[in-house]
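Participant: Got a sequence here, can you model it:
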Amino acid sequence: MIIVTAGILSDGDRMLICQRPATAGFPLKWEFPGGKVEDGETPEACLRRELREELAIEAEVGPEIYRTEHRYPNGFAVRLLFFRVSRYVGTPTNGAFERIEWVRRADLAAYDFLEADRELVDRMAGGEVE
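Facilitator: Prediction:
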């Protein structure tokens, strides 16, 4: 099982979501920005690195707000840690995705998210998770 981090960046009622490239695994699925934890790296350090690489921002990683484990039908298993990112320096710029969008919380469920993200997305859209 691999450990993956994801950042929840918000601007008022809008959240930043990212669409995976058409050439990547799980093509064109939506997700929150982040990535795989490397050997010897803390989840928080991983998320800071991934946000720098993918969005060109320097992030202050806040508390973990949600955690889940998911096994995809192909056998790929992931432990996914979601962190609030309340502050960052820079303007998020797409450096790795098909598209990035700021989306209203209530509209999140309309996007085709990765299966591992779906439970959190539904809870966020329903107001259960801030």
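
Participant: Can you show me the helices along the chain?
Facilitator: Residue ranges of the helices in the chain, as given by DSSP state H, are 43-55, 115-125.

Participant: Just send those helices back as TSV, with mean pLDDT and distance to Lys29 too.
Facilitator: Any C-beta I mention is one placed from the backbone N, CA and C, and that applies to glycine too. Below are the helices of the chain laid out as TSV (pLDDT from 0 to 100; distance: least, CB to CB, whole Å):
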stretch	mean pLDDT	distance to Lys29
helix 43-55	97	15
helix 115-125	89	8
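
Participant: export the ones you listed to TSV and tack on mean neighbour count and distance to Ile2?
Facilitator: Rendered in TSV, the data for these read as follows (neighbours: other CB atoms under 10 Å; distance: least, CB to CB, whole Å):
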stretch	mean neighbour count	distance to Ile2
helix 43-55	19	11
helix 115-125	18	11
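
Participant: now these as a markdown table including distance to Ile8?
Facilitator: Below are the helices of the chain laid out as a markdown table (distance: least, CB to CB, whole Å):
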| stretch | distance to Ile8 |
| --- | --- |
| helix 43-55 | 10 |
| helix 115-125 | 8 |
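
Participant: so which of those gets nearest Trp102?
Facilitator: Counting by CB to CB, Trp102 lies closest to helix 43-55 out of these; the figure is 12.2 Å.

Participant: Which elements pack onto that closest one?
Facilitator: In terms of contacts (3 or more CB pairs under 8 Å, 6 or more residues apart in numbering; DSSP states H and E), helix 43-55 is packed against strand 2-11, strand 34-36, strand 58-71, strand 77-89.

Participant: hmm, try it at 7 Å
Facilitator: For helix 43-55, the packing partners by 3 or more CB pairs under 7 Å, 6 or more residues apart in numbering; DSSP states H and E come out as strand 2-11, strand 34-36, strand 58-71.
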